[in-house]
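*Asks:* following is a predicted model, sequence given first.
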Amino acid sequence: MRPALILTLSAALTVGIALTSPPSVAAKPSPNPPPEITVSRVAVQKFGATLKEALQQAMQSGGAVNGIAVCHDKAEQIATDLSQHLGILVGRTSLKIRNPANAPDNWEQAVLKQFDARKAQGEPVDKLEFFAVIDDDQGQKTFRYMKAIPTAALCLGCHGEHLTPEVDAKLKELYPSDAARGFREGDLRGAFTLAKPLP
Ligand code: HEC
């Protein structure tokens with residue numbers, strides 16, 4: 001029990017520090033980390049691991065072109081299943097997107113820029129996270145959470161600077177306005193983005 005508690009407290013502290021520079025958009029950081037932060041971290045971990053596993057399996061049996069089919073067909077399904085299972089909306093976004101359906105809204109854009117700035121100041125990409133409770137015009141409160149996604153070596157075959165002609169052609173066919181290329185290992189690829197309306 002004790003190590004878990006310490007972990008939670010130090011994680012809360014990290015978030016607390018992050019909140020000293022909130023994005024300029026209507027984001028109201030709450031004084032104490034809300035309980036939704038725990039389910040968010042579980043969801044992000046599960047989403048990332050499930051995607052990576054599906055991707056690795058597909059690429060082992062059919063190379064990167066086969067992997068594209070997994071990202072194209074399964075990423076959304078995995079997100080939908082997880083959202084239903086955990087009761088929190090799960091997705092991915094980036095400042096350089098491949099699928100236009102993943103485009104960031106204003107709040108997400110501001111947080112992604114904040115992540116870029118924090119990375120430039122030396123924070124490790126895999127530790128970057130941010131949350132806020134947002135009030136809309138109708139008084140509806142929504143808990144929102146984002147966690148940065150670093151670019152790993154595994155990602156470069158489809159998001160890196162040098163793509164094979166087959167991968168290049170398949171991506172152009174499926175995503176004519178693809179901007180999610182040219183990344184290097186360690187770059188901020190994007191972020192998981194979660195939302196849950198509060199009662
Ligand atoms: C085999 C090719 C392939 C590999 C390898 C790959 N991706 Fe992708 N990635 C895609 C495709 C295709 C999409 C678009 C998915 C969709 O249609 O929603 C995508 C979308 C994304 C998105 C959503 C935002 C956007 O640009 O639409 C993120 C974030 C992302 N990838 C991160 C990663 C990371 C991190 C890795 C490495 C761990 C990785 N990808 C490895 C093909 C790949």
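*Replies:* Arrived safely.
*Asks:* nearest spatial neighbour of L156, chain-adjacent residues omitted?
*Replies:* Once flanking residues are discounted, L156 sits nearest to E185: 6.6 Å by C-beta to C-beta, 6 or more residues apart in numbering. In this view, the C-beta of every residue, glycine as well, is placed from N, C-alpha and C.
*Asks:* sorry, wrong one. I was asking about L95.
*Replies:* L112 (5.0 Å).
*Asks:* list the contacts for the residue nearest to L156?
*Replies:* T151, A152, A153, L156 (C-beta atoms under 8 Å, 6 or more residues apart in numbering).
*Asks:* next one: S40
*Replies:* Contacts of S40 by C-beta under 8 Å, 6+ apart are I88, F131, Y145, K147, L194.
*Asks:* from the residues you listed, which is closest to P165?
*Replies:* Nearest to P165 among the contacts of S40, counting by C-beta to C-beta, is K147 at 33.9 Å.
*Asks:* how far does the top helix by length along the chain sit from its chain's centre?
*Replies:* In the chain, with assignment by DSSP state H, the single longest helix is helix 36-86. Relative to its parent chain, helix 36-86 has a centroid offset of 12 Å by C-alpha atoms, centre = their mean, to the nearest Å.
*Asks:* filter the contacts of E185 to the buried ones?
*Replies:* Buried subset of the contacts of E185 (neighbour count, 16 or more other C-beta atoms under 10 Å): T151, L156.
*Asks:* tell me the secondary structure for the residue nearest to L156?
*Replies:* Following DSSP: H, G, I helix; E, B strand; the rest coil, the label given to E185 is coil.
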